[in-house]
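> sequence and predicted structure are below.
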Amino acid sequence: MEIRHIYIPSVFTNCFLLADETTGAAAVIDPGDDITDALLKAVADQGWTLRAIFLTHGHFDHTGGVASLRKALPHIPVYLHPADANLTVPMMNTAELNPVTLWRDGDVVPLGSLQVEVLSTPGHSKGSVVLKCQDVLFTGDTLFALEVGRTDLYGGSYDELLESLRKLAALEGDYRVLPGHEGFSTLDRERKNNYYMLQALGK
């Protein structure tokens, strides 16, 4: 497994390239703005082939680059949870992303020889997901380093977010945490130090 981090300063978003070293199959996670040229160059430089667009949720700062990528790669599938799909609300004009491939909690999406598991984690939005692949969690705006995503936007719920944090905390073992914004962390660090996760666990 190979991961490349591409920071998008226009929307302050962490975008990631996830690739299978064996087959060269790659996916881009949360292309929040038009960085198509940089993405395609990074993929080509590594000898990879971009196979999919994975979206942790439907907010514009995680989806803004989808349209331009589709112009370059018209048939590339875009994965999004149904609760965030086909919306025309502030910050989530996801109807413009259609067609999308819907994924749900427990789905496993192959990427070459990699297995990407979908964990439904509502709270920041109804359709927020965390993507688990080997020892990495791509947490979108559900879990940040010592923080969490806001819950005051359309579809947000603090109670649902706490339940999602409990779900993540219950995962066995430690994971690298690669969030949608700001710095990286580990699940053990968050279990021990994240105020919101501690609150979710009743500590």
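Yes, it's here.

> quick check: next helix or strand after the one helix or strand in the chain whose mean pLDDT sits lowest?
Ranked by mean pLDDT, DSSP states H and E, the helix or strand of the chain with the weakest confidence is helix 36-46, at a mean of 93. Following the chain from helix 36-46 toward its C-terminal end, the next helix or strand by DSSP states H and E is strand 49-54.

> buried residues of that following strand, list them for me.
Judged by neighbour count (16 or more other C-beta atoms under 10 Å), strand 49-54 contains these buried residues: 50-54. All C-beta atoms are positioned from the backbone trio N, CA, C, and that covers glycine.

> same check on stretch 101-112?
By neighbour count, with 16+ other C-beta under 10 Å as the criterion, the buried positions of stretch 101-112 are 103, 107, 109, 111-112.

> for that stretch, measure first residue to last.
Taking C-alpha to C-alpha, to the nearest Å, the first and last residues of stretch 101-112 lie 18 Å apart.

> how about the strands in this structure?
Taking DSSP state E as the test, the strands found in the chain are 2-8, 13-19, 25-29, 49-54, 78-80, 101-102, 108-111, 114-120, 129-133, 136-140, 143-144, 147-148, 176-179, 185-186.

> of all the ones you listed, which one is nearest Glu163?
Shortest separation from Glu163 across these is recorded for strand 114-120, at 10.4 Å, computed as C-beta to C-beta.

> tell me the buried residues in the closest one?
Of all the residues in strand 114-120, those buried under the rule 16+ other C-beta under 10 Å are 114, 116-120.

> is it possible to get TSV of those residues that adds pLDDT and distance to Asp188?
Formatted as TSV, these follow (pLDDT from 0 to 100; distance: C-beta to C-beta, whole Å):
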residue	pLDDT	distance to Asp188
Leu114	98	23
Val116	98	22
Glu117	98	19
Val118	98	22
Leu119	98	17
Ser120	98	23
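
> can I get these in CSV with distance to Ser68?
Conversion of the buried residues of strand 114-120 to CSV gives the following (distance: C-beta to C-beta, whole Å):
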residue, distance to Ser68
Leu114, 25
Val116, 23
Glu117, 28
Val118, 25
Leu119, 28
Ser120, 28
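
> with adjacent residues omitted, what lies nearest to His81?
In space, and not counting its chain neighbours, His81 is closest to Gly127: 3.4 Å by C-beta to C-beta, 6 or more residues apart in numbering.

> can you tell me how far the spatially most central residue of the chain is from Leu198?
The centre of the chain sits closest to Thr56, judged by C-alpha atoms, centre = their mean, with a distance of 3.1 Å. Between Thr56 and Leu198 the distance, using C-beta to C-beta, to the nearest Å, works out to 23 Å.

> Thr63 too?
The gap separating Thr63 from Leu198 is 31 Å, by C-beta to C-beta.

> neighbour count: the two, which is higher?
More crowded of Thr63 and Leu198, by other C-beta atoms under 10 Å: Thr63, with 28 against 15.

> quick check: the more buried one vs Asn93, distance?
In this structure, Thr63 and Asn93 are 9 Å apart, going by C-beta to C-beta.
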